[in-house]
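Peer 1: Pasted the sequence and its predicted model underneath.
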Number of protein chains: 2
Amino acid sequence: MILCDIGNTSYHFLDGTTSYKKDTKNFNPQDIKEKVYFISVNAAIKEKLNSLENWIDLSAFIDMKEYYETMGIDRVFALQTSQNAVIIDAGSAITVDILKEGMFMGGFIYPGMKAMSKTYANISPALEYSFNFDVDLDIMPKNSQDAITYGFVKTLYSEVISHNMPVILTGGDALEFKKVFKDAKVDEELIFSGMKKIITKAKLC
Amino acid sequence: MILCDIGNTSYHFLDGTTSYKKDTKNFNPQDIKEKVYFISVNAAIKEKLNSLENWIDLSAFIDMKEYYETMGIDRVFALQTSQNAVIIDAGSAITVDILKEGMFMGGFIYPGMKAMSKTYANISPALEYSFNFDVDLDIMPKNSQDAITYGFVKTLYSEVISHNMPVILTGGDALEFKKVFKDAKVDEELIFSGMKKIITKAKLC
């Protein structure tokens, strides 16, 4: 069984236990002849895949009324296997969603690491630093690099811990954020787990 | 007495009780013949003003050892008239500084409203919304506009209130943030007050 989570920049595949990525710019989905279960936040690719019989869109098996219309489908699938948690997907955007008794309570969107780094640099060349995830966020910063790291990370942290719930981290930057959310569980295949759960629930295989 | 707080995009003047701005791109400081007390985060303009006798740089009267070397001089002057407070200067960047017994305890830098709005739009056209400062931040969002507003504003709010101190708002977007920091005091002339205090202290006039 091949699973594929399609984003704005890449196709992320899971084939058995092997995970790999293909660039959306030059990958041709027709090259795969086997059945692929997919979700896509990329509207153009989703549209294209509709005409390929072996690409099965799992979003059709979700009741979006439990979420909201414009919510990214990757967020919805990341929520399928937990009951009580704050789920942080740290990618090009950072989505933070709250589940209580398996029900979606709402969530918010924060800029991802790369986007935020560019934002500071664009405001002023004096703020062009990489983030320092090893900074001690219990101390108010007294230098520019720590001041922007704190601004980016500690604000997010303060909001997340105010919910007083277990934290699950997924997405490409999960391990960076694990340095800050020390008690969080990292699950890099959370979306794939959600896809498997929906496949089983819908009796697709 | 004319005061001037120079930023990256404008000269902000206070002449008596009249405050006005001039664009850094086309304003010529030689047009003013009276004495002007100024601070400047704009290094190029600061350099240029060194050669004009009637422009007095107030940064010379600050002991930067109490702050840090690369700290914006506008932040330093905003801290001169308070004792115990979180001081938020909401401009192109949002600086958040903590004072205890008049001593600088450190601070952080967060992107301003315009910069952050652009950041979301650049991540995905699906996140291209204006912020909604009237949103109820006690409720987890279930739509995209509230999800980015919450991501921008509530994270900052949660961090700031965790310090459990009085909040003072200044800067161009102070009134927007007052909708969220409901107990905050707004002081749009905080930097000018700091400049006046240093002028008095240094017996400049």
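Peer 2: Thanks, I have the structure now.
Peer 1: Spatially central residue for chain A, please.
Peer 2: Centroid-nearest residue in chain A: residue A:89, 3.2 Å away (criterion: C-alpha atoms, centre = their mean).
Peer 1: do stretch A:77-97 and chain B meet at all?
Peer 2: Yes: Stretch A:77-97 lies within reach of chain B by C-beta under 8 Å from any C-beta of the partner chain, at A:92, A:93, A:94, A:96. Where C-beta positions appear, they are placed from N, C-alpha and C, glycine not excepted.
Peer 1: Mind listing residues that contact stretch A:111-126?
Peer 2: Applying C-beta atoms under 8 Å, 6 or more residues apart in numbering or on different chains, the contact partners of stretch A:111-126 are A:90-94, A:127-131, A:144, A:148, A:152, A:173, A:176, B:8, B:70, B:72, B:92-93, B:109, B:111-112, B:115-116, B:118-120, B:122-123, B:151.
Peer 1: quick one: residue A:181 is in a helix?
Peer 2: No: judged by DSSP: H, G, I helix; E, B strand; the rest coil, residue A:181 forms no part of a helix; its state is coil.
Peer 1: can you count the residues close to the closest residue to it other than its chain neighbours?
Peer 2: Setting aside the residues directly before and after it, residue A:181 is nearest to residue A:167 in space (C-beta to C-beta, 6 or more residues apart in numbering or on different chains), at 5.1 Å. Using other C-beta atoms under 10 Å in any protein chain shown, residue A:167 is surrounded by 21 other residues.
Peer 1: separation between residue A:15 and residue A:3?
Peer 2: Separation of residue A:15 from residue A:3 (C-beta to C-beta, to the nearest Å) stands at 8 Å.
Peer 1: The closest residue to residue A:130 other than its chain neighbours: helix or strand, and which one exactly?
Peer 2: Nearest residue to residue A:130 in three dimensions, chain neighbours excluded: residue A:117, at 6.7 Å (C-beta to C-beta, 6+ apart). If you go by DSSP states H and E, residue A:117 is part of helix A:113-123.
Peer 1: Helix B:113-123 and that helix, what's the angle between them?
Peer 2: With axes from the mean of the first three to the mean of the last three C-alpha atoms, to 10 degrees defining the directions, helix A:113-123 sits at 140 degrees from helix B:113-123.
Peer 1: Could you identify the helix or strand that succeeds helix A:113-123?
Peer 2: Taking DSSP H and E, what comes next after helix A:113-123 is helix A:144-149.
Peer 1: Check the offset of that next one from the chain's centre.
Peer 2: The gap between the average C-alpha position of helix A:144-149 and the chain average comes to 25 Å, counting by C-alpha atoms, centre = their mean, to the nearest Å.
Peer 1: same thing with stretch A:93-112?
Peer 2: On C-alpha atoms, centre = their mean, the centre of stretch A:93-112 falls 10 Å from that of its chain.
Peer 1: Now do the contacts for the residue of chain A positioned farthest from its centre.
Peer 2: The centre of chain A is farthest from one residue, residue A:142, which by C-alpha atoms, centre = their mean lies 32.0 Å away. Counting by C-beta under 8 Å, 6+ apart, residue A:142 touches B:67, B:68, B:106.
Peer 1: Among those, which are located in strands?
Peer 2: Counting by DSSP state E, these place residue B:106 in strands.
Peer 1: and the contacts of residue A:142 near chain A, which?
Peer 2: Applying C-beta under 8 Å from any C-beta, the subset of those adjacent to chain A comprises B:67, B:68, B:106.
Peer 1: If we only consider the residues you listed, which is nearest to residue B:196?
Peer 2: The shortest approach to residue B:196 among the ones next to chain A among the contacts of residue A:142 belongs to residue B:67, at 19.0 Å (C-beta to C-beta).
Peer 1: Check the gap between the residue nearest to residue A:181 and residue A:86 for me.
Peer 2: Using C-beta to C-beta, we find residue A:167 at a distance of 5 Å from residue A:86.
Peer 1: Next, show the common contact partners of these two.
Peer 2: Counting by C-beta under 8 Å, 6+ apart, the residues touching both residue A:167 and residue A:86 are residue A:160.
Peer 1: part of a helix, is the residue nearest to the centre of chain A?
Peer 2: No: going by three-state DSSP, the assignment for residue A:89 is strand, not a helix.
Peer 1: what's the burial count for the nearest residue to it once chain neighbours are set aside?
Peer 2: Once flanking residues are discounted, residue A:89 sits nearest to residue A:171: 4.3 Å by C-beta to C-beta, 6+ apart. The number of residues packed around residue A:171, counting by other C-beta under 10 Å, is 24.
Peer 1: Is it correct that residue A:171 is in contact with residue A:94?
Peer 2: Yes: between residue A:171 and residue A:94 there is a contact at 7.5 Å, judged by C-beta atoms under 8 Å.
Peer 1: Need the residues touching each of the two.
Peer 2: With contacts taken as C-beta under 8 Å, 6+ apart, the residues that reach both residue A:171 and residue A:94 are residue A:88.
Peer 1: Check what pLDDT residue A:53 gets.
Peer 2: On the pLDDT scale, residue A:53 is placed at 96.
Peer 1: got a list of what it touches?
Peer 2: Here residue A:53 is in contact with no residue (C-beta under 8 Å, 6+ apart).
Peer 1: all strands for chain A, in order.
Peer 2: Remark: strands assigned in chain A by DSSP E are A:2-6, A:10-15, A:18-23, A:36-40, A:55-57, A:85-90, A:93-100, A:103-111, A:167-170, A:185-186.
Peer 1: Indicate each strand paired with the shortest one and its parallel or antiparallel sense.
Peer 2: Right, strand A:185-186. strand A:167-170 (parallel) (DSSP bridges).
Peer 1: from the middle of its chain, how far away would the partner strand be?
Peer 2: Distance, centroid of strand A:167-170 to centroid of chain: 9 Å (C-alpha atoms, centre = their mean).
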